[in-house]
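Enquirer: Predicted model follows, preceded by the sequence.
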Amino acid sequence: MKASLKFLVVVVFATVANVALANVDKANEEKSAEVKAQIFSAKKDMIYVQLEKAGKGKVIIEISDLQGHILHYEAVKDKTKVLKRFDISNLPAGAYIYEVSNDYYSLRKKIEKE
């Protein structure tokens, strides 16, 4: 009987330890769900959005005009590195808002098109 009780205590302890470690790993993954992003123009009429995403969840890339009309919306999922190129030659002159965001991070940049 004593051997069974010792075995049961060891199993319970191991289970509790595994659950605790799993929760720590999950917390670290959620905290590391950051996004490194850049929004830049390298050539006339070309806008680039570069991002490196860590962790789970999705990152939203959104382009809108100053009136709030969404011109482009995209969700990037899973761990990934992305370089998106946007040709804005067909857009009228004016200002546009480029935004990259998730639950923990947001980068917003206003770009003027001549």
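Expert: Thanks, I have the structure now.
Enquirer: just checking, S106 touches I97?
Expert: No: using Cβ atoms under 8 Å, S106 makes no contact with I97, being 11.7 Å away. For glycine as for every other residue, the C-beta is placed from the backbone atoms N, C-alpha and C.
Enquirer: neighbour count winner among the two?
Expert: Neighbour totals were compared for S106 and I97, and I97 leads with 17 against 12 (other Cβ atoms under 10 Å).
Enquirer: where does that one land in three-state SS?
Expert: For I97, the assignment made with DSSP: H, G, I helix; E, B strand; the rest coil gives strand.
Enquirer: With adjacent residues omitted, what lies nearest to it?
Expert: S64 (5.1 Å; Cβ to Cβ, 6 or more residues apart in numbering).
Enquirer: To what extent is the one you found buried, counted in neighbours?
Expert: 15.
Enquirer: what helices or strands is the helix or strand where it lies leaning on?
Expert: Assigning secondary structure by DSSP states H and E places S64 in strand 58-65. Applying 3 or more Cβ pairs under 8 Å, 6 or more residues apart in numbering; DSSP states H and E, we find strand 58-65 packed against strand 46-53, strand 70-77, strand 94-101.
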